[in-house]
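Peer 1: Fold the following.
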Amino acid sequence: MDDQNKNLILATALSFVVILVWFVLFPPPEPTETPPVEQAALTTPESQVATAPSVAETQAGTGQVVAEPESDAPRVQIETPRLTGSISLQGGRIDDLSLKDYRETIEPGADIVKMLSPVGSPSAYYALYGWAPGTGVSLEDVPGANTLWSVEKGETLGVGSPVTLRWDNGSGLIFRRTISVDENYMFDVEQSVENTSSAAASLAPYGVLARHGTGEDADLPGLKNFFILHEGVVGMADGTLEEIDYSKMRDFEIDANEGAQAEVFQVTENGWIGFTDHYWMTTLIPEPGSKFKSVAKFDNRRKIYQTETVLPTLTVAPGATETTSTRLFAGAKEWGTIREYQKEGIQGYLDSIDWGWFFFLTKPIFWLLHEINKLTGNMGWSIIGLTLILKAILFPLAYKSYVSMAKMKELQPQMEALKEAAGDDRQKMQQGMMELYKKEKVNPAAGCLPILLQIPIFFSLYKVIFVTIELRHAAWFGPFQDLSAPDPTSIMNLFGLLPFDGPVPGSLLALIFIGILPLLLGISMWIQQKLNPAPTDPTQQMIFAWMPWVFMFMLGGFASGLVVYWISNNVITFTQQYLIMRSQGYTPDVFGNIKSSFKRGRKPDAK
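Peer 2: The predicted model follows:
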């Protein structure tokens, strides 16, 4: 066996092992979309809480107050081109929000995605704001999670139509909360306190995101619990990205200042914190340049996950008014939308998307895919276009590799002569081959590089297709209406020709009775092999014979967009290699190699 074949087998086997391990460790997610906030009702919703911080010296700490289910409290409607919902006047909570542009499934008439849900409903998930009492102010003097506000201005919250809520504590402090929203998913929450008393008042503004669960990831709505996907706390603290899984939150130690299981980040200039799921996110964002305390907290007794931002204490003089403003993002993790918010000054906001270990590849790959999709308007064709561009970028390396392979074929007679001359002396044979390679300027390892480079690109594209919402429910043509899900077709019903449904996606039958895309993948890999004659070694023959079909079944459950990429890559690679080898004077006998593979499969005639 010559060194070229050894290197090719080594590279192919390495690719196979890495992808096999990836498949075992990170199996494809279930394609069924779980609504982000729908789940079985909690047994004791009355006991659920949200935290309201309290003040200690010049920086607020935290305490606990109960956020009770509302009892027919009035609501203010939210209506924008992309959002619908309402704000409860009990606590002024933003606790009812749905996304008009996204549906739970691709089925016609499917419900739109629900982001936030009030206390007392299944799996409450909401944002609330308030003031923590300080010197000269009692807990009863500040609005809490259950304070009943009144509407001072506005009727419906919409783009360009803010709403102002008002609460008078009856002791000289008048609180106002003005809420506005942009055309996407960003709310601006301006809190003010007017001091009409004769004494100064000290208090600290805060924001809280609370998510009720049972303390287990599987019971939080919408979670995929997929190893390569981060779900839980996400935040930025002065340029440092913070990511904490929900399971890690349950392991928090008791923080003495918080009096609860918590992790605290002191932000001196820029930061934000919130919760991220697969496609959706909520974050609290103080004004850029603000100093604040960022807290991730888990209430083990009541099973509530929380994130908080607590701003420094303000002292309001008699007759004065103090105002503070923060923002709340609640919506889809759209790359373009989040990028615009980052340009507006939210530091590191694009990192809220989980780019993974290969972020230096996933970020540019997604940017390129996004730009191509702007031209084509179709993610399927965009993936094929992306493949063409990636192959063009790698073409110089591929050219050297395929030229080297063609030269190796030309040197085959001389290599065979060296083997015969060396006999059983392997050292002499190796020395002779190295001299031959040096003389002819051939690198026997060059054939490995294009194959090895495909591994990080494959993983990066897998991450892009799985993580980014732009691929969610992205249609190609015909039956391929969701490129983030496995191929919906199946051999079982002849790819839709027979009048019954195929196996349920993600099931064992779906893995066995694969769709048309995995089948094309196997065929394209098999034909690509036929550019070269089969190796003479029986072990090598077996590996090469089985590899396309193993990959076909192994990748059949992956996102169909990824399979489209792999098929495109195989077709382009075959074309490149065929043309380059011909340009070097070696014409691959593809049809002859295919015929010989069938001949080898026949039993010899009996004599």
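Peer 1: And the residue nearest the centre of this protein?
Peer 2: The C-alpha lying nearest the average C-alpha coordinate of the chain belongs to residue 467 (Cα atoms, centre = their mean; 2.5 Å).
Peer 1: secondary structure class for residue 131?
Peer 2: Per DSSP: H, G, I helix; E, B strand; the rest coil, the local secondary structure of residue 131 is strand.
Peer 1: Could you give the number of residues near it?
Peer 2: A total of 28 residues lie near residue 131 under the criterion other Cβ atoms under 10 Å. C-beta here means a position set from N, CA and C on the backbone, and glycine is covered the same way.
Peer 1: about what we covered before: pull up the gap between the nearest residue to the residue nearest to the centre of the chain once chain neighbours are set aside and residue 526, please.
Peer 2: Nearest residue to residue 467, sequence neighbours excluded (Cβ to Cβ, 6 or more residues apart in numbering): residue 354, at 5.3 Å. Between residue 354 and residue 526 the computed distance is 35 Å (Cβ to Cβ, to the nearest Å).
Peer 1: Same check on residue 272?
Peer 2: For residue 272, the distance to residue 526 - Cβ to Cβ - is 50 Å.
Peer 1: what's the answer for residue 220, then?
Peer 2: Relative to residue 526, residue 220 is positioned 44 Å away (Cβ to Cβ).
Peer 1: These two - which one has more neighbours?
Peer 2: More neighbours surround residue 220 than the other of residue 220 and residue 526, with 25 against 19 (other Cβ under 10 Å).
Peer 1: Does the more buried one touch residue 213 like I think?
Peer 2: Yes. Here residue 220 lies in contact with residue 213, judged by Cβ atoms under 8 Å, at a distance of 4.6 Å.
Peer 1: Need the residues touching each of those two.
Peer 2: Common neighbours of residue 220 and residue 213 are listed as 123, 246, 305 (criterion: Cβ atoms under 8 Å, 6 or more residues apart in numbering).
Peer 1: Any idea what the closest residue to the second one other than its chain neighbours is bridged to?
Peer 2: With Cβ to Cβ, 6+ apart as the measure, residue 232 is the residue that lies nearest to residue 246, at 4.4 Å, once sequence neighbours are left out. The residues listed as beta-bridge partners of residue 232 by DSSP bridges are residue 245, residue 276.
Peer 1: now the shared contacts of residue 220 and residue 213 in TSV, with pLDDT?
Peer 2: As requested, these are arranged in TSV below (pLDDT from 0 to 100):
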residue	pLDDT
123	83
246	92
305	94
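Peer 1: what's the closest of the residues you listed to residue 473?
Peer 2: residue 123 (22.8 Å; Cβ to Cβ).
Peer 1: what separates the closest one from residue 145, distance-wise?
Peer 2: Residue 123 sits 18 Å away from residue 145, going by Cβ to Cβ.
Peer 1: got it, and residue 229?
Peer 2: Applying Cβ to Cβ, the value for residue 229 to residue 145 is 31 Å.
Peer 1: cool, residue 100 as well?
Peer 2: As for residue 100, its distance to residue 145 is 28 Å (criterion: Cβ to Cβ).
Peer 1: Between the two, which is the more surrounded one?
Peer 2: Under the criterion of other Cβ under 10 Å, the comparison of residue 100 against residue 145 puts residue 145 first, with 24 against 13.
Peer 1: How about the secondary structure of that one?
Peer 2: Remark: residue 145 carries the secondary structure label coil [criterion: three-state DSSP].
Peer 1: Show me what the helix or strand containing residue 435 is packed against.
Peer 2: Counting by DSSP states H and E, the element that carries residue 435 is helix 426-440. Under the contact criterion of 3 or more Cβ pairs under 8 Å, 6 or more residues apart in numbering; DSSP states H and E, helix 426-440 touches helix 412-422.
Peer 1: Between helix 426-440 and the helix it packs on, find me the angle.
Peer 2: Between helix 412-422 and helix 426-440, the angle formed by their directions is 150 degrees, by axes from the mean of the first three to the mean of the last three Cα atoms, to 10 degrees.
Peer 1: Alpha carbons of helix 412-422, as PDB, please.
Peer 2: These are the backbone C-alpha positions of helix 412-422, laid out as PDB (Å, rounded to 0.1, in the frame of the first residue of the first chain):
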ATOM      1  CA  GLN A 412       2.800   4.400  -9.500                       C
ATOM      2  CA  PRO A 413       5.000   2.300 -11.900                       C
ATOM      3  CA  GLN A 414       8.200   3.600 -10.300                       C
ATOM      4  CA  MET A 415       6.900   3.000  -6.800                       C
ATOM      5  CA  GLU A 416       6.000  -0.600  -7.800                       C
ATOM      6  CA  ALA A 417       9.500  -1.100  -9.100                       C
ATOM      7  CA  LEU A 418      11.000   0.200  -5.800                       C
ATOM      8  CA  LYS A 419       8.900  -2.200  -3.900                       C
ATOM      9  CA  GLU A 420      10.100  -5.100  -6.000                       C
ATOM     10  CA  ALA A 421      13.700  -4.000  -5.700                       C
ATOM     11  CA  ALA A 422      13.500  -3.600  -1.900                       C
END
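Peer 1: can you map out the helices along the stretch 351-500 of the chain?
Peer 2: 359-376, 379-393, 395-410, 412-422, 426-440, 448-467 (DSSP state H, counting those that start in this stretch).
Peer 1: Please point out which parts of the fifth one sit buried.
Peer 2: What it means is helix 426-440. Buried residues in helix 426-440, counting neighbours by 16 or more other Cβ atoms under 10 Å, are found at 429, 432, 433, 437.
Peer 1: which stretches of the stretch 501-607 of the chain aren't confidently modelled?
Peer 2: The model of the stretch 501-607 of the chain has pLDDT under 70 over residues 506, 533-537, 540, 599-607.
Peer 1: make it 50
Peer 2: Segments of the stretch 501-607 of the chain classed as low confidence (criterion: pLDDT under 50) are 603-607.
Peer 1: mind listing the helices in it by residue range?
Peer 2: In order along the chain, the stretch 501-607 of the chain carries the following helices (DSSP H, counting those that start in this stretch): 508-512, 516-529, 538-554, 560-583, 590-600.
Peer 1: wait, which of these is closest to residue 207?
Peer 2: helix 560-583 (37.3 Å).
Peer 1: coming back round to it: between the shared contacts of residue 220 and residue 213, which sits nearest residue 207?
Peer 2: The shortest separation between residue 207 and any of the shared contacts of residue 220 and residue 213 is 15.1 Å, and it belongs to residue 305 (by Cβ to Cβ).
Peer 1: so who does the closest one touch?
Peer 2: With contacts taken as Cβ under 8 Å, 6+ apart, residue 305 has the following neighbours: 210, 211, 213, 220, 232, 233, 246, 249, 275, 297, 298.
Peer 1: wait, is the last one part of a helix?
Peer 2: In this case it means residue 298. No. Membership of residue 298 in a helix is not supported by three-state DSSP, which gives strand.
Peer 1: Who are the contact partners of the closest residue to it other than its chain neighbours?
Peer 2: Nearest non-adjacent residue to residue 298, counting by Cβ to Cβ, 6+ apart: residue 249, 4.3 Å away. Listed by Cβ under 8 Å, 6+ apart, the contact partners of residue 249 are 232, 233, 261, 296, 297, 298, 305.
Peer 1: try residue 84
Peer 2: Counting by Cβ under 8 Å, 6+ apart, residue 84 makes contact with 78, 97, 98, 100, 112.
Peer 1: Next: residue 187.
Peer 2: Counted by Cβ under 8 Å, 6+ apart, residue 187 has contacts 94, 179, 180, 181, 327, 328, 329, 330.
Peer 1: I figured the fifth one was touching residue 189, is that so?
Peer 2: Yes. Judged on Cβ under 8 Å, residue 327 makes contact with residue 189 at a distance of 7.0 Å.
Peer 1: Now residue 266: closest residue in space that isn't a chain neighbour?
Peer 2: When the adjacent residues along the chain are set aside, residue 266 lies closest to residue 293, with 6.0 Å between them (Cβ to Cβ, 6+ apart).
Peer 1: same thing with residue 346?
Peer 2: According to Cβ to Cβ, 6+ apart, the nearest residue to residue 346 is residue 285 (6.0 Å).
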